[in-house]
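[1] everything below, folded, please.
(one chain, ligands or ions: 1)
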Amino acid sequence: MSQLQDNINKANGYLERFEADGVLNHINGEARPAADGETFDSISPVDLRPIAKVAHGKAVDVDAAAKAAQAAFAEWAAMPGAERKKLLHAIADAIVARAEEIAFVESMDTGQALRFMSKAALRGAENFRFFADRAPGARDGQSLYTKDQINITNRVPIGPVGVITPWNTPFMLSTWKIAPALAAGCTVVHKPAEFSPLTARLLVEIAEDAGLPKGVWNLVNGLGEDAGKALTEHPAIKAVGFVGEGRTGSMIMSQAAATLKRFHFELGGKNPVVVFADVDLERAAGAAVFMIYSLNGERCTSSSRLLVEASIYDEFTAMVAERAARIKVGHPLDPETVVGPLIHPVHEKKVLSYMDIAREEGARIAVGGGKPEGFEEGCYVAPTLFTGANNAMRIAQEEIFGPVLTAIPFKDEAEALSIANDVEYGLTGYLWTRDLARALRFSDAMQAGMIWVNSENTRHLPTPFGGMKASGIGRDGGDWSFDFYMETRNIAFATADHHIPKLAG
Ligand code: NAD
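    Numbering: from 1, shown residues only. Below you'll find the predicted structure:
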């Protein structure tokens, strides 16, 4: 039997339970259908086969979940950090033990290639370990002295929080948001994306099997406009960590206004990779190709605009084109596959529409440009490179969120910087140059929350993660996650009988 067939059989085994029982909500330690019994189908982008009926949660389900999170909060917040640390490590162990199942289910639910999803499952475990180790110190603060006064700062968990996640790498992203919330002492209601609900169900089950008390982590599936909206409006929910599109972020901002919630937004990007002629072109081409075509290009931090110094533009784009043309598109469970099907026919249609837009705008399609040959079924899109583009084109300004790269030439550093910044987004930037002064100058002026110089995106978990401009509000990662999920307080102690102003007598 081929490795692919073997993997498909394994995946079918892991999916059987979802076919039989559907994807249930999880409220107060109990797997439950939606209160009104309604479901919606989750389809696999590989062949559009429905793989599960998903609980279609609404406001009433969110209310039950938020109340469960509220009831569990006091005890969870009071648990010593060292105990929370042990529990979160136990969850990480349990993720590792079920990493294959998570990776296979995620690949079939999202279309992401197994070679990346097996790492995403392990990265999810690492997220738990990272925040587990920090749980004992989460409440710590500073002592700030002044004459006749000592100020002591400390942090307390903000309360039950809502976590709303998108469909790209949903497992990894959910752990990135939920692990710090739990480490901080918050309880959680999670609303995963309707296009990719399966691994969120596995995750909450894993956590409770590892010993997480009931009610600490609740899951409500549903659509954004009902379950998502209800979560952002619920008075028991004190903060919302949201990852998704900018226009959804705006909606959440207004929905959450009446209950004065804190929010953290990680939104879209149209991230530049800027390549100067003085670099090792092989390395830069390899990194540019990795950052746009890995994870199907469905990656907020992808380098979707390639800005190349004019003197090497033809040579460099030819190198990228040659690599892009060789990328293996295929079934996500094929170990050789790099690019699998996109998440859903709706998204596939959106990505494919940019092929016509590119033609109409006068760009050249150097590679790809449509569905790959032999993949008429399923949401497959060929790795694509647009050349001869300028920054005013829609293909240079709009987030396509697929394996599609737009290459633009620049004549000098000033023009490169102006193109890099001339976009509504500001999530990541990638810069390739050997000139140290230029690297310092350019990276300082680039409008992006995260910049990598002479590197692809390699995350170091203690560093801040987040975007500028339309790419987000707030930061997480490291201690920044605790700042979001906790309230910082100051307590001032008088250390002497200082003068108290008398208003009477
Ligand atoms: P989306 O905004 O459509 O949906 C994200 C989540 O929000 C889903 O769970 C959805 O059900 C929910 N939602 C929708 N309407 C809502 C509402 N009115 N109230 C509350 N919740 C609502 O995003 P998507 O299409 O699932 O994901 C792709 C987007 O996510 C891209 O723009 C991508 O760049 C972005 N993203 C950003 C980051 C980052 O870190 N900056 C990471 C991953 C993805």
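
[2] quick one, what contacts the nearest residue to R434 once chain neighbours are set aside?
    Among residues not flanking R434 along the chain, D278 sits closest, at 4.7 Å (CB to CB, 6 or more residues apart in numbering). The C-beta positions use only the backbone N, C-alpha and C, and glycine is treated the same way. Neighbouring residues of D278 by CB atoms under 8 Å, 6 or more residues apart in numbering: 433-435.

[3] among the residues you listed, name the buried ones.
    Listed as buried from the contacts of D278 are T433; burial here means 16 or more other CB atoms under 10 Å.

[4] can you give me the helices for the stretch 1-150 of the chain?
    3-21, 59-78, 81-97, 99-110, 114-134 (DSSP state H, counting those that start in this stretch).

[5] scratch that, the stretch 201-350 of the chain is what I was asking about
    Under DSSP H, counting those that start in this stretch, the stretch 201-350 of the chain gives helices at 229-233, 246-255, 281-293, 313-326, 345-361.

[6] what's the closest of these to the ligand?
    Smallest distance to the ligand across the helices of the stretch 201-350 of the chain (CB to the nearest ligand atom): 3.2 Å, for helix 246-255.

[7] and the helices of the stretch 201-350 of the chain as a markdown table, adding distance to K53 and mean pLDDT?
    Formatted as a markdown table, the helices of the stretch 201-350 of the chain follow (distance: least, CB to CB, whole Å; pLDDT from 0 to 100):
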| stretch | distance to K53 | mean pLDDT |
| --- | --- | --- |
| helix 229-233 | 21 | 98 |
| helix 246-255 | 25 | 98 |
| helix 281-293 | 33 | 98 |
| helix 313-326 | 38 | 98 |
| helix 345-361 | 19 | 98 |
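
[8] highest average neighbour count across those?
    Mean neighbour count (mean count of other CB atoms under 10 Å) peaks for helix 229-233 among these, with a mean of 24.

[9] just say helix, strand or coil for the residue in the stretch 51-200 of the chain that the ligand sits nearest to.
    Among the residues of the stretch 51-200 of the chain, P166 lies closest to the ligand, at 3.0 Å counting by CB to the nearest ligand atom. Going by DSSP: H, G, I helix; E, B strand; the rest coil, the secondary structure assigned to P166 is coil.

[10] what sits against it?
    So P166 contacts 173, 193, 243-245 (CB under 8 Å, 6+ apart).

[11] phi, psi for K270 please.
    phi -140, psi 70 (degrees, to the nearest 10).

[12] quick one, what contacts it?
    Contact partners of K270, counting by CB under 8 Å, 6+ apart, are 304-305, 396-399, 423-425.

[13] need those residues in TSV (columns: pLDDT, distance to L231 and neighbour count).
    Below are these laid out as TSV (pLDDT from 0 to 100; distance: CB to CB, whole Å; neighbours: other CB atoms under 10 Å):
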residue	pLDDT	distance to L231	neighbour count
S304	98	30	26
R305	98	34	27
A396	98	35	24
Q397	98	31	15
E398	98	28	18
E399	98	24	21
V423	98	31	22
E424	98	27	13
Y425	98	26	27
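
[14] okay, now the nearest residue to V54 once chain neighbours are set aside: neighbour count?
    Excluding the flanking residues, the one nearest V54 by CB to CB, 6+ apart is V23, at 4.3 Å. Neighbourhood size, V23 [other CB atoms under 10 Å]: 27.

[15] hmm, L198 and V23 touching each other?
    Yes: judged on CB atoms under 8 Å, V23 makes contact with L198 at a distance of 6.1 Å.

[16] before we move on, the earlier item: dump the contacts of D278 to TSV, plus pLDDT.
    Listed next are the contacts of D278 as TSV, based on pLDDT from 0 to 100:
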residue	pLDDT
T433	98
R434	98
D435	98
